[in-house]
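S.K.: Take a look and give me a structure for this.
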Amino acid sequence: VQLVESGGESVQAGGSLRLSCSYSGSTFNNQFMAWFRQPVGKEREGVAAIYTGGGSTYYRSSVKGRFTISKDQEKNTLYLQLSSLKPVDTAMYSCAAKCAMVSGRPTGACTYWGQGTQVTVS
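M.R.: Sure, this is the predicted structure:
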């Protein structure tokens, strides 16, 4: 199983990006997939998650209305659309699969992880 992120880059505040997570070795049907981020010197935090069996989603409060998680099953790709970006969104963004959820939030206890893609907002 492999997850590979792409799409991270440096953008100005207010800009948009779309992160992609291409995966192989599993379809991750009926599981939770998620995006996490980790700013330099801070702990990793769950940004968004999606249940691939029904499409229900979770968003961190600070990104609600700005970020959108989606999945293209035919392309085996997980997306995170980032809009109205702020400097506080600067972080390494990683996708993960087969994630445990507690109270509707991704815990970070995921079986599979990508290597991450850097988003820098100035």
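S.K.: bridging residues for residue 81?
M.R.: Beta-bridge partners of residue 81, counted by DSSP bridges, are residue 18, residue 68.
S.K.: Could you report the neighbour count for it?
M.R.: 15 (other C-beta atoms under 10 Å). Where C-beta positions appear, they are placed from N, C-alpha and C, glycine not excepted.
S.K.: Residue 98 versus that one, what's the distance?
M.R.: Residue 81 sits 23 Å away from residue 98, going by C-beta to C-beta, to the nearest Å.
S.K.: got it, and residue 115?
M.R.: From residue 115 to residue 98 the distance is 17 Å (C-beta to C-beta).
S.K.: neighbour-wise, which of these two wins?
M.R.: residue 98 (15 against 11).
S.K.: secondary structure element for that one?
M.R.: Assigned by DSSP states H and E, residue 98 belongs to strand 91-102.
S.K.: I'd like to know which elements that strand is packed against.
M.R.: Here strand 91-102 touches strand 2-6, strand 17-24, strand 32-38, strand 45-51, strand 77-82, strand 105-113, strand 117-121, going by 3 or more C-beta pairs under 8 Å, 6 or more residues apart in numbering; DSSP states H and E.
S.K.: Off-centre distance for it?
M.R.: Centre-to-centre, strand 91-102 and its host chain are 7 Å apart (C-alpha atoms, centre = their mean, to the nearest Å).
S.K.: Before I go, just wanted to say thanks for your time.
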